[in-house]
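Participant: sequence unknown, structure follows:
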């Protein structure tokens, strides 16, 4: 799930894409997709799960932030590298959307970025990893630099620390739109 879509024409991604939308392709969605599932084709780098299928879904309120599509496409693992713009206003609605989606597909795993605001707490939806009703369904992930320190821009895991991982998040070579 992202605010935009993966570039379905990218040579390193096209074979792994099950669905996308060419109207709102973004570098962010394409970059994340490459980190996860760029082909191991001997050109440039490859994703950590280079045989994984990609279902690129735009997160918008008309589609329950894309969760309806996650369930409809029987997605096993969903990447949520976005946060709520108005968390205090929207977090309960988001929790309801996630809970309803997991009720239909209880085996789906959500991997959520902690955020990029240099805060002590993870942003939502990553903060839900600490929620007892959602534990085991959401993993929060924060960014680390080349020295294994939390990146200056990254939010810490905070209350989600027992359900939070760290991963390299700076200077990552990956795909971007336009076959780059």
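Facilitator: Received, thanks. Given the structure is predicted, the values throughout are model-derived calculations rather than measurements.

Participant: how about low-confidence regions in this protein?
Facilitator: The chain contains residues with pLDDT under 70 at 62.

Participant: ranges for the helices of it?
Facilitator: Assigned helices in the chain, in chain order: 27-37, 67-72, 87-104 (criterion: DSSP state H).

Participant: what segments of this structure are strands?
Facilitator: If you assign secondary structure with DSSP state E, the strands in the chain sit at 17-19, 54-55, 77-80, 109-113, 138-144, 164-168.

Participant: mind giving me the packing neighbours of the fifth one?
Facilitator: So that's strand 138-144. In this structure, strand 138-144 makes packing contacts with strand 109-113, strand 164-168, judged by 3 or more CB pairs under 8 Å, 6 or more residues apart in numbering; DSSP states H and E. C-beta: built from backbone N, CA, C; applies to glycine.

Participant: got the helices of the chain as CSV, with distance to residue 149 and mean neighbour count columns?
Facilitator: Shown next, in CSV, are the helices of the chain (distance: least, CB to CB, whole Å; neighbours: other CB atoms under 10 Å):
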stretch, distance to residue 149, mean neighbour count
helix 27-37, 20, 23
helix 67-72, 33, 20
helix 87-104, 26, 15
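
Participant: turn those helices into a markdown table, columns for distance to residue 119.
Facilitator: Below are the helices of the chain laid out as a markdown table (distance: least, CB to CB, whole Å):
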| stretch | distance to residue 119 |
| --- | --- |
| helix 27-37 | 20 |
| helix 67-72 | 24 |
| helix 87-104 | 11 |
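
Participant: right, so of the ones you listed, which gets closest to residue 146?
Facilitator: Go through the helices of the chain one by one with CB to CB and the one that ends up closest to residue 146 is helix 27-37, at 16.0 Å.
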